[in-house]
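Student: need coordinates for the following:
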Amino acid sequence: MNRLFSASFNYLLVAFLVLGLGGCASTRLPFASSSPWKEVELNTQANPLDIAFVNENKGFLVGTNRLILETNDGGDTWNERVLDLNAEENFRLISIDFLGDEGWIAGQPGLVLHTNDAGKNWTRLFLGNKLPGDPYLIKTLGADSAELATSAGAVYQTKDSGVSWEGRVLDASASGGIRDLRRGKDGSYVSVSSLGNFFATLSPDQETWQPHQRASSKRVQSVGYQPNGELWMLSRGAEIRLNEESGDVESWSKPIIPITNGYNYLDMAWDPTDAIWAAGGNGTLLVSEDGGDHWKKDPVGDAEPSNFIRILFDESFGINSLKGFVLGERGHLLRWVG
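Tutor: As a prediction, this is how the structure comes out:
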């Protein structure tokens, strides 16, 4: 009798756990009735990694295998540009930024390009072994001025078109190397260590990285900024977490797991309506219109045979000229049409 009671109890316990967990994660999600995204043909097998615009119509897209494309119609069509680089050098152009006609590109290995005529001409800066790590992220600050962050967690500024660079970080070792790096609107940074075992922050008034424990035992994929300046975190196992208490970067919500399809999320972003977008492997593009409580699959993204690696929104030219893109591997690109 005791053995029968024990077996029955175990079955009930398993059933309870299955039903309970089923409320936290799902293997199926409904499709949204429509999509604000449109597929754009790039005619390349390279991976687009970043996009920046000079004005409402003119912009540049950069990526792997020396990829650089130019648009003059707001991102609807793109044409190949050729840079004056050694044909034997296979650069990964990872970051691009413009402020008016002033623009910069950061590439790996050891590449920084500068333009002051809206991208008509680019000047290559020979960094040699001056900077630790490879260029990872670049931000245009003004005329002849930029801020460059490297894969070693170093941050430098130039005010003379890259002739000289002044270090902003005294000791970059606390960053743990970089697997993901984001810059906030106020000049702050958040990074994920190369192993994904912790993340680090750097405020504008700090000279050393501040390391922080991850939210769970699962490795961190990426950490970025919400519109209100608080952080979000993506971890292995397709987990999403949001800062729970304002100003506390170590206070995290319970994990949000919209769907368990075997693919991790690689990026997140908020659109102008405050809907949350999450992108990941195998065409995973999800949207939540209620702060992350409920999610739907985007029908255009779901049809793309690609891993989505980045979501970008740019309101620099006003809400009526919003730029939005989802970047996918092997030349896949979606453009926001609202």
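Student: okay, CA-based contacts and neighbour counts for the rest of this
Tutor: OK.
Student: shouldn't residue 288 be in contact with residue 273?
Tutor: No. Using CA atoms under 8 Å, residue 288 is not in contact with residue 273; the gap is 10.8 Å.
Student: the more surrounded of these two?
Tutor: Taking other CA atoms under 10 Å, residue 288 and residue 273 do not tie; residue 288 has more neighbours (18 against 7).
Student: gap between the closest residue in space to that one that isn't next to it in sequence and residue 39?
Tutor: Spatial nearest neighbour of residue 288, excluding adjacent residues (CA to CA, 6 or more residues apart in numbering): residue 295 at 4.5 Å. Distance from residue 295 to residue 39, counting by CA to CA, to the nearest Å: 21 Å.
Student: more crowded one of these two?
Tutor: Of the pair residue 295 and residue 39, residue 295 is the one with more neighbours under other CA under 10 Å, namely 22 against 17.
Student: quick one: stretch 324-338 to chain centroid distance?
Tutor: 13 Å (CA atoms, centre = their mean, to the nearest Å).
Student: flag every buried residue along that stretch.
Tutor: Residues 324-336 are the ones in stretch 324-338 that count as buried (16 or more other CA atoms under 10 Å).
Student: list the contacts of that stretch.
Tutor: Stretch 324-338 is contacted by residues 35-50, 75-76, 301, 304, 306-314, 323 when judged by CA atoms under 8 Å, 6 or more residues apart in numbering.
Student: 6 Å instead, please
Tutor: Residues from elsewhere that reach stretch 324-338 (CA atoms under 6 Å, 6 or more residues apart in numbering): 36-40, 42, 44-47, 306-313.
Student: check stretch 169-180 too.
Tutor: For stretch 169-180, the surrounding residues in contact (CA under 6 Å, 6+ apart) are 151-155, 191-194, 200, 207-209, 222.
Student: try stretch 237-254
Tutor: With CA under 6 Å, 6+ apart as the test, stretch 237-254 has contacts from 231-234, 255-257, 264-265.
Student: list the contacts for the closest residue to residue 287 other than its chain neighbours?
Tutor: Excluding its sequence neighbours, the residue lying closest to residue 287 (CA to CA, 6+ apart) is residue 277, at 4.6 Å. By CA under 6 Å, 6+ apart, residue 277 lies in contact with 268-269, 286-287.
Student: which one of those residues is nearest to residue 55?
Tutor: Proximity of the contacts of residue 277 to residue 55 (CA to CA) peaks at residue 269, which lies at 22.0 Å.
Student: quick one: secondary structure of the nearest residue to residue 330 once chain neighbours are set aside?
Tutor: Residue nearest to residue 330 in three dimensions, not counting chain neighbours: residue 45, with 4.2 Å by CA to CA, 6+ apart. Put simply, residue 45 is coil when judged by DSSP: H, G, I helix; E, B strand; the rest coil.
Student: could you give the separation of stretch 248-268 from the chain centroid?
Tutor: Worked out by CA atoms, centre = their mean, stretch 248-268 lies 14 Å from the chain centre.
Student: residue ranges in the stretch 101-250 of the chain under the pLDDT threshold?
Tutor: Residues of the stretch 101-250 of the chain meeting the criterion pLDDT under 70: 128-130.
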